[in-house]
Every structure is written in C-alpha cells, then in structure tokens.
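Asker: curious how this folds, go ahead:
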Amino acid sequence: SIEQLVNAGENASMTLCADAAPLTLLNALGGDPDTGGTWAAPGNQSSNGTFDPGTGPAGTYTYTVNAVQPCPSQSSTVTIALDPLPQAGTSGTIAVCEGGAAQDLFQLLGGGPDGGGNWSGPDGAPHPAVFDPSVEGTGTYTYMVIGPGTCQHLSDTATVAITVNPLPVISFTVEPDSGCVPLMVTFTNTTDPVYLGGNCAWDFGDESGLSDCGEVTHDYTVPGWYNVRLEVTTPQGCTDRFTLQGAVLADPAPTAEFSWSPGVGTPDNSTLLFTAQDPHASVFDWRFHDGDSSSTRQTARTYPAFLSGEYEVCLSVADRYGCADSLCRTIEIQVPLVYTPNAFSPDGNGVNEVFLPVVSGMVAEEHELMIFDRWGQRIFKSTDPLEGWNGSKDNGGEVLPNGVYNWRLVERPIGSADKKDWFGTVTLLR
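Answerer: Below is the predicted model of the structure:
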C-alpha cells in the first residue's frame, strides 16, 4: 500500500496583548495542517495546543505530525510575542511644606511604573510631572499610562495624594522695647497655637539665643539697636522665621559726670559754669554747698573771692527711662595770698632758720625769690617755691652779718596771664 504524506501546516508568528483570549495554536498555523499532531511549548515542554496569554510563556511553539514509514514526519511553529499590560505603578502619598522644594511626581509612585504616561491635576486638567509647593496646594494627582502595541486599548492609573502643610505665621511682642542697660526684656510668642508644638528658636541679636515656644526673657548689657528673630517649626515639620528689625533699643545708663569752667576760680573769675556731660540724661539736680540747687543741664555759680577754699558740688541725673546716677566733686577757689616774715634767725637752734615767703593761689612754676644786700647786690635767688634763704650767700658758706636785707618775690596768680612783683625787707638776726 502507498502511505500518504502528512501536513503540519505553515509557520506563523504573531504578537498578542497579555489580556487576549486563549488561542488555539492549530488555528494560528498557515496552510491546511493535519489534525492529531502534538505540541511542544518553549523549552520542549508539553503543551495542550492552547496558548493562554495570561499564563503561558511567550516563545516558539512546535507542532509535529508523525507519518507512517517510509513517509517523514512534519513540523511547523507558531512564534508568539506578548505586549505587557500597562503599569502605572502603585499610588503614593506625601506631605510637604508650603514653599518647599519641587517634587518629581513620578518618583513618588511605587511598584516600577511605566514611563511615558501623562499627569493630570485635581481638576482633571493636564499637569506637569513636577509639583511646586510654592504655587500649588493640597490635592490628588493622577498618572495614566497607555499599553504598548496590541495593548493600546488598555490603560492604567495611579495617584499621588499630596498634602501641603502651611508655614507658621509668626508673631511676638517685646516689653519693654527700650531702656538703659542692663535692660531686662520679656518676649512673648503670640504665634497661633495651631503652629506650635515643634521647636521655637530665639535669636536676640547679641550673639545669644535659646529654644522655647513660650514667654522668654533676656538681659541686654551692651548698648545698641538689636534685631530679634524667632524661628518656629510646626508639628508637621514646616519651618519659617520672622525678624523684627530694631526690636530693642538698649541705651547707655546715664552718668552724672560734669565739668566746670574755669577749672579753678580766682578773684578775677569766681563765677564757675557747670555742665552735665551725659547726652542721654534728661533730668538734672544740682546741689551746692550752701543748699542752693538747679535743674538745668548747665548752671553758673559765683563763689566768694576773698579767701581760697574748696566747695562740694553734687549732680544727680536721670534719663527718659528713669535710670539714675549721682556724683559729687570738689571745686577750688584760689585767692592769691602772700605772707612774708620780717625777720629770721639762722643761729642753728632749729627755730626760724630760713626766710621763706608763704604764698597760696600762685603758679608754682612761675615762682622766683631774690635777696639783695644794702648796696643792691643780689646774694640769693631761687625758683623753687619750697626753698628759702638760710642767711648765707647763695645758701652756701658762712651766715652773713646781721642787718636788714631787701627781697623781691615774683609770682603769677592762678588764672592770670601776668606775673606780679612783691618787695620788702627782712632782718637777719644771728
């Protein structure tokens, strides 16, 4: 008998979407294949002749029809490629702070999403792939991806839910906002409590600060204008800061320092002008030795000019904040006086050994004492106000004979530009 040739059909290839219906492989072959053959899956695994895109592996499926000898068996193949289902990834959530860094929405999805999709905002309108917290608010942003190739009829979506937490609105009060050093200032945090619960950091402007969300105090010890800053972090971790420019003015404490002119009163000018020197002082209370007083920054006072003397002057001052100070100083009135003895006895008994005029109210550097004998010859001269004449020529050698000697004294009274001369005689008694 003559055996018939067998027909395994013609090779075929195709691409299917992963959601396609199960495929009878025999129907996919070309030509007119005989039935009754066997199918082998990729890797020479057995197959029932049906390919399920949802479970079966893509690859080459081989159909073999066995013949009766001497006719040869025949084989053909169906090569199947699969287009994957679209994957938008898994949805994500994030909380950000108003004004924070821009967010790449794609990076917020989980599960390895397909690229190339499109984003839409909470209102459904197209949206860029970047979220900017400085201009956008809380909402849900949707990512949609279309399947490739034979799966273009499919789409998948995932969402990113974004919560935009507000920055704290910071405020605080300062009491007092000015005063003299040392100045204790109380700062009260008046920020809405809804923003509190995290950290609060104060910067007092003098390289010091502390962390506290309640009422705080700080002592300013150095004069100056100070800017104060409060930084608040909300329970959601959002941080902002507020700086109050010139929040605190710390003035120097007043001082009762004062000057007077002339520095020493004289008979020609015994009226002294007193001036309080602190520019921050605004209240003045002068007290003089005789009970008189004055309340002005400058005041004049006339002192007795017939006798030298020292007088106490006291000044109390206060500034606009009530800070006070006081100081007492002694002023001097110099009335030039000259007293000269009319005799002395340089006899070695230690009493009245030297002729030395007694002066007061004179400029020591301008002193000059000269002694002359009866013929007008100068026998002694000194510019040292503490050096007197001991009765010898130029204060050396033997004491001169008893007799009457002439003296000349030159002095310049304090406060005067001119020198004055005094003349007289002294008797030397041995």
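
Asker: please state the mean pLDDT value computed over stretch 212-227.
Answerer: For stretch 212-227, the mean pLDDT works out to 97.

Asker: and for stretch 140-148?
Answerer: Here the average pLDDT along stretch 140-148 is 97.

Asker: so residue 137 sits against residue 166, correct?
Answerer: No - the criterion here is CB atoms under 8 Å, and residue 137 misses it with residue 166 at 9.8 Å. C-beta coordinates here come from the backbone N, C-alpha and C atoms, glycine included.

Asker: these two: which is more packed in?
Answerer: residue 166 (16 against 11; other CB atoms under 10 Å).

Asker: what about that one, distance to residue 405?
Answerer: 105 Å (CB to CB, to the nearest Å).

Asker: check residue 39 too.
Answerer: For residue 39, the distance to residue 405 equals 160 Å [CB to CB].

Asker: likewise residue 99?
Answerer: To residue 405, residue 99 is 103 Å away according to CB to CB.

Asker: more neighbours, those two?
Answerer: More neighbours surround residue 405 than the other of residue 99 and residue 405, with 19 against 14 (other CB under 10 Å).

Asker: which residues touch that one?
Answerer: 371-374, 379, 425-428 (CB atoms under 8 Å, 6 or more residues apart in numbering).

Asker: quick one: the strands in the stretch 251-400 of the chain?
Answerer: Secondary structure of the stretch 251-400 of the chain by DSSP state E, counting those that start in this stretch: the strands cover 258-261, 264-265, 271-276, 283-288, 293-294, 298-302, 309-318, 324-333, 337-339, 343-344, 358-360, 368-372, 378-382.

Asker: pick the most buried one from those strands.
Answerer: Across the strands of the stretch 251-400 of the chain, averaging neighbours per residue (mean count of other CB atoms under 10 Å) puts strand 264-265 on top, at a mean of 21.

Asker: any idea which helix or strand carries residue 158?
Answerer: strand 155-165 (DSSP states H and E).

Asker: what packs against that strand?
Answerer: Applying 3 or more CB pairs under 8 Å, 6 or more residues apart in numbering; DSSP states H and E, we find strand 155-165 packed against strand 92-97, strand 139-146.

Asker: strand partners (parallel or antiparallel) of the shortest one?
Answerer: Strand 92-97 has these partner strands in its sheet, going by DSSP bridges: strand 155-165 (parallel).

Asker: buried ones in the partner strand?
Answerer: 156, 158-160, 162, 164-165 (16 or more other CB atoms under 10 Å).

Asker: how about the CA coordinates for it, as CSV?
Answerer: Taking Å, rounded to 0.1, in the frame of the first residue of the first chain, the C-alpha atoms of strand 155-165 are listed here in CSV:
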residue,chain,number,x,y,z
SER,A,155,-4.7,52.0,30.3
ASP,A,156,-3.7,52.0,33.9
THR,A,157,-3.7,54.8,36.5
ALA,A,158,-2.1,55.5,39.9
THR,A,159,-2.3,58.6,42.1
VAL,A,160,-0.1,60.7,44.3
ALA,A,161,-2.0,62.3,47.2
ILE,A,162,-0.1,65.5,48.3
THR,A,163,-0.8,67.4,51.5
VAL,A,164,0.7,70.9,51.6
ASN,A,165,1.2,72.0,55.2
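
Asker: centre of the chain versus that strand, how much separation?
Answerer: Relative to the centre of its chain, strand 155-165 is centred 41 Å away, using CA atoms, centre = their mean, to the nearest Å.

Asker: right, and residue 312 touches residue 329 too?
Answerer: Yes - using CB under 8 Å, residue 312 is in contact with residue 329, at 7.4 Å.

Asker: can you list residues touching both of those two?
Answerer: Counting by CB under 8 Å, 6+ apart, residue 312 and residue 329 have no shared contacts at all.

Asker: if I look at residue 266, how far off is residue 395?
Answerer: 32 Å.

Asker: between these two, which one's more packed in?
Answerer: residue 266 (19 against 16).

Asker: and the buried residues of strand 155-165, which two are furthest apart?
Answerer: 156 and 165 (30.2 Å; CB to CB).

Asker: which stretches of the chain aren't confidently modelled?
Answerer: Across the chain, the ranges flagged by pLDDT under 70 are 1-3.

Asker: residue 229 contacts residue 243, correct?
Answerer: Yes - counting by CB under 8 Å, residue 229 touches residue 243, with 4.2 Å between them.

Asker: neighbour count winner among these two?
Answerer: residue 229 (18 against 13).

Asker: right, and residue 76 touches residue 9 too?
Answerer: Yes - contact criterion CB under 8 Å: residue 76 and residue 9 qualify, at 4.7 Å.

Asker: any idea how many residues pack against residue 74?
Answerer: 18.

Asker: I should have written residue 400 there, sorry.
Answerer: Neighbours of residue 400 (other CB under 10 Å): 19.

Asker: roughly how far does it sit from residue 137?
Answerer: Distance, residue 400 to residue 137, using CB to CB: 116 Å.

Asker: what of residue 65?
Answerer: 68 Å.

Asker: and for residue 420?
Answerer: Counting by CB to CB, the gap from residue 420 to residue 137 is 96 Å.

Asker: that older thread, which residues are common contacts for residue 76 and residue 9?
Answerer: In contact with both residue 76 and residue 9: 29-31, 33, 63, using CB under 8 Å, 6+ apart.

Asker: tell me the contacts of the residue positioned nearest the centre of the chain?
Answerer: By CA atoms, centre = their mean, the chain has its centre lying nearest to residue 205, at 5.1 Å. Counting by CB under 8 Å, 6+ apart, residue 205 touches 226-229, 247-248.

Asker: secondary structure class for it?
Answerer: At residue 205 the chain is in coil, as set by DSSP: H, G, I helix; E, B strand; the rest coil.

Asker: how many neighbours does the residue nearest to it when sequence neighbours are not counted have?
Answerer: Closest residue to residue 205 apart from its sequence neighbours, by CB to CB, 6 or more residues apart in numbering: residue 226 at 3.6 Å. Around residue 226 there are 22 other residues, counting by other CB under 10 Å.

Asker: the helix or strand harbouring residue 226 vs strand 92-97, what angle?
Answerer: For residue 226, the host element (DSSP H and E) is strand 224-233. Here strand 224-233 runs at an angle of 170 degrees relative to strand 92-97 (axes from the mean of the first three to the mean of the last three CA atoms, to 10 degrees).
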